[in-house]
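1. Build the 3D model from these lines:
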Amino acid sequence: MKVVAFDIWGDYGHFRRFFTTSSPLTYSFPPPTAVRGIVGAILGLDKGTYLKATADLSVGVRILVPVRRVRWGQNLIFTKGRGGGFDPTLFGRRKGNMQGSVHTQVKVEYLKEAFFRLYVGGRSAMLDDLEALLREHRTHYTVSLGLSELLADFEYAGTHAAQPLPSGAYEVTTVFPVDVLEDLSGALREGIKFAKERVPVYLDFDRIPLLYQDVVLEVHGQAVQVTVKEMHRLDNGEVVYLWPPASTRIPASR
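-> Numbering: from 1, shown residues only. You can find the predicted model right below:
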C-alpha cells in the first residue's frame, strides 16, 4: 500500500470532543474524521463530497511534540434578531424572551503549539494528486487545525510503501485503538505517559458518526514498545497504525 505522509502544525488547534457543549474541550490530536477533512481541504473537496471521495483511504496520526492545552474565556455575541438577521438594538439589554445579556462568555480549550504527522494510504489515484500538492506546498482550500480561525502550515514528509505486520511486539509511533492492543507492559517506563480518548472514526455522508473507538496515545509524542496487531511497517522502518476504509469496518455505511 502506498502511504503519503505530511507534517501539519499551528499555534493553536481545537478538535472538539463530541460530549462537550457549553465549555468545549479538545482531543489531543486530530481524529481520523478530521484527518479526512484536512485531506479534503488540500485536494479541494467541499463538505458535500470529501467524505465520499476519501472513503477508500486509510489514515493515521503521529503526535510530534508533547500535548499542551490552554483554556481561556471567549466572548460570544448573539447576532440573530427576530427575523433571523443581525439586530444591533439587542446590544446591552434584554429583549423578547431572551434571558440576560446578548453577551456571553464560555471557556474553550485549545491545543497549544500543536504538531502532528498525518499518514494517508491506499491505492487511489487521489494519493498522486495529494503528493503533488504537498510537494509544491499548495492547497485548494486553507488548511486549519480543527477550526477555520486556527490556521495551520504543513510540509511534505515523504511517500512510503507499507506492509501489514503480524501480531507482535513493535515500537509504535502513532496513536492506535485499544482494540489492537494486546500488551503494553513493555512500554511502562519512566518518562512514558499514556492517555485514552474516545474519538469518532467514521462519518456517514450526512456527517453523522458511525463508529467511536477508545484510542491510546503517548502524550509526549514518544514511540512506545507494545504488543499489538493490525500494524503496518513503512519502508523507512516506522511502525504505524492506519485506520482502514470505512467499508471494511462499517458494511452498512452509506
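
2. Give me the distance between the closest residue to Leu76 other than its chain neighbours and Gly73.
-> Nearest residue to Leu76, sequence neighbours excluded (CB to CB, 6 or more residues apart in numbering): Thr104, at 5.1 Å. To be clear about C-beta, it is placed using only N, CA and C from the backbone, and glycine gets the same treatment. Taking CB to CB, to the nearest Å as the measure, Thr104 falls 10 Å from Gly73.

3. tell me which strands and helices the helix or strand hosting the residue nearest to Leu76 is in contact with?
-> Using DSSP states H and E, Thr104 maps to strand 103-122. Packing partners of strand 103-122 (3 or more CB pairs under 8 Å, 6 or more residues apart in numbering; DSSP states H and E): strand 2-13, helix 32-43, strand 58-63, strand 69-77, helix 126-135.

4. Out of those, name the one with the poorest average pLDDT.
-> Set side by side, the helices and strands packed on strand 103-122 show their lowest mean pLDDT on strand 69-77, which sits at a mean of 87.

5. can I get the CA coordinates of that strand in PDB?
-> Output in PDB follows, covering the C-alpha atoms of strand 69-77 (Å, rounded to 0.1, in the frame of the first residue of the first chain):
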ATOM      1  CA  ARG A  69      -3.500  22.600  26.500                       C
ATOM      2  CA  VAL A  70      -4.600  26.100  27.300                       C
ATOM      3  CA  ARG A  71      -8.100  27.500  28.200                       C
ATOM      4  CA  TRP A  72      -9.400  31.000  28.100                       C
ATOM      5  CA  GLY A  73     -12.800  32.700  28.200                       C
ATOM      6  CA  GLN A  74     -14.100  33.500  24.700                       C
ATOM      7  CA  ASN A  75     -16.700  36.300  24.300                       C
ATOM      8  CA  LEU A  76     -19.700  35.400  22.200                       C
ATOM      9  CA  ILE A  77     -22.400  37.800  20.900                       C
END
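
6. So what touches it?
-> With CB atoms under 8 Å, 6 or more residues apart in numbering as the test, strand 69-77 has contacts from 12, 26, 91, 102-112.

7. repeat that for 6 Å
-> Here strand 69-77 makes contact (CB atoms under 6 Å, 6 or more residues apart in numbering) with 103-110, 112.

8. what's near enough to touch the residue nearest the centre of the chain?
-> Residue closest to the mean C-alpha point of the chain, counted by CA atoms, centre = their mean, is Pro30 at 1.8 Å. Pro30 makes contact with Phe15 under the criterion CB under 6 Å, 6+ apart.

9. ok, now how distant is it from Leu111?
-> Taking CB to CB, one finds Pro30 at 10 Å from Leu111.

10. Return the list of helices and strands in contact with the helix or strand of the chain with the lowest mean pLDDT.
-> Ranked by mean pLDDT, DSSP states H and E, the helix or strand of the chain with the weakest confidence is helix 246-249, at a mean of 76. Helices and strands touching helix 246-249, as assessed by 3 or more CB pairs under 6 Å, 6 or more residues apart in numbering; DSSP states H and E, are absent.
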